[in-house]
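S.K.: Please find the sequence and the predicted model below.
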Amino acid sequence: MTEPRLPQPGPLRGLYAITPEQPDGSRLLAAVEAVLAGGGRIVQYRDKQSPMPERVARARALRTLTRQHGACLIINDDLALARLVDADGVHLGGDDGCLAAARAILGPGKLLGASCYGEIARARAAARAGADYVAFGAVYPSSVKPDAPRATVDLFPAAKSEFAVATCAIGGITLDNAPPLLAAGADLLAVISDLFSAPDIAARARQYQQLFAQ
């Protein structure tokens with residue numbers, strides 16, 4: 001019997017916390033736990049620097065932590081790691097593998113996300129390949145990816161009118177500049193710096209979640 005499509009218990013909507021590069025694994029786990037305590041229910045583990053054994057250990061620890069909070073864990077750009085730790089899904093960039101193949105490997109019970117930058121055609125293809133959400137960005141100048149191509153807010157209503165997958169905004173998002181993205185139809189706000197650099201991470205996560213209730 002096919003498992004129900006994740007995430008549980010709610011739809012793909014809300015704060016989408018993406019982990020920062022953090023050399024201290026214990027500090028990373030503490031920061032993610034604060035996000036979850038603040039109501040965050042979707043976490044993407046993104047790590048471009050740590051050696052593979054450390055990445056595996058961190059992913060397993062995050063898998064345990066997210067399960068304790070009833071949250072989803074997405075692995076960035078590494079389908080094998082996602083399967084190894086039984087993550088809830090994987091997010092693939094434009095050059096990180098075939099979406100249709102990833103969907104076939106993941107099966108219907110896992111999440112598949114795709115970076116679509118500023119291209120509606122790429123999002124259209126991702127939806128056809130079985131993506132659960134498409135990410136547009138950078139919607140604002142990004143300190144994490146300063147050279148990232150820009151995406152305009154009109155992509156969100158355009159995507160909504162054409163295909164039935166969730167839309168995610170990413171790039172330079174703060175509490176102050178997030179409302180126009182939600183008004184345009186973004187379902188998810190992917191945040192790194194404004195969340196994990198906050199003096200009170202749990203409180204900042206709570207503030208982001210409250211934006212979706214307004």
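M.R.: Now that the structure is in, tell me what you want to look at. Numbers count the residues shown, from 1 in each chain.

S.K.: Which elements pack onto the longest helix along the chain?
M.R.: Longest helix in the chain by number of residues, with DSSP state H as the criterion: helix 52-68. The contact analysis (3 or more Cβ pairs under 8 Å, 6 or more residues apart in numbering; DSSP states H and E) places helix 52-68 against helix 25-37, strand 42-45, strand 72-76, helix 79-84. The C-beta positions use only the backbone N, C-alpha and C, and glycine is treated the same way.

S.K.: between the longest strand seen in the chain and strand 72-76, how many degrees?
M.R.: In the chain, taking DSSP state E as the definition, the longest strand is strand 111-117. With axes from the mean of the first three to the mean of the last three Cα atoms, to 10 degrees as the basis, strand 111-117 and strand 72-76 are set at 50 degrees to each other.

S.K.: Only the buried residues of the helix or strand just after strand 111-117, if you could.
M.R.: Beyond strand 111-117 in the direction of the C-terminus, DSSP states H and E gives the next helix or strand as helix 120-129. Of all the residues in helix 120-129, those buried under the rule 16 or more other Cβ atoms under 10 Å are 120, 122-127, 129.

S.K.: Closest one to Thr174 out of the residues you listed, please.
M.R.: For these, the minimum distance to Thr174 (Cβ to Cβ) is 23.9 Å, reached by Ala123.

S.K.: quick one on the thing from earlier: put together JSON lines for the buried residues of helix 120-129, with pLDDT on each row.
M.R.: Listed next are these as JSON lines, based on pLDDT from 0 to 100:
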{"residue": "Ile120", "pLDDT": "96"}
{"residue": "Arg122", "pLDDT": "95"}
{"residue": "Ala123", "pLDDT": "96"}
{"residue": "Arg124", "pLDDT": "96"}
{"residue": "Ala125", "pLDDT": "95"}
{"residue": "Ala126", "pLDDT": "96"}
{"residue": "Ala127", "pLDDT": "95"}
{"residue": "Ala129", "pLDDT": "95"}
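
S.K.: If anything else comes up later, I'll come back, but that's it for now.
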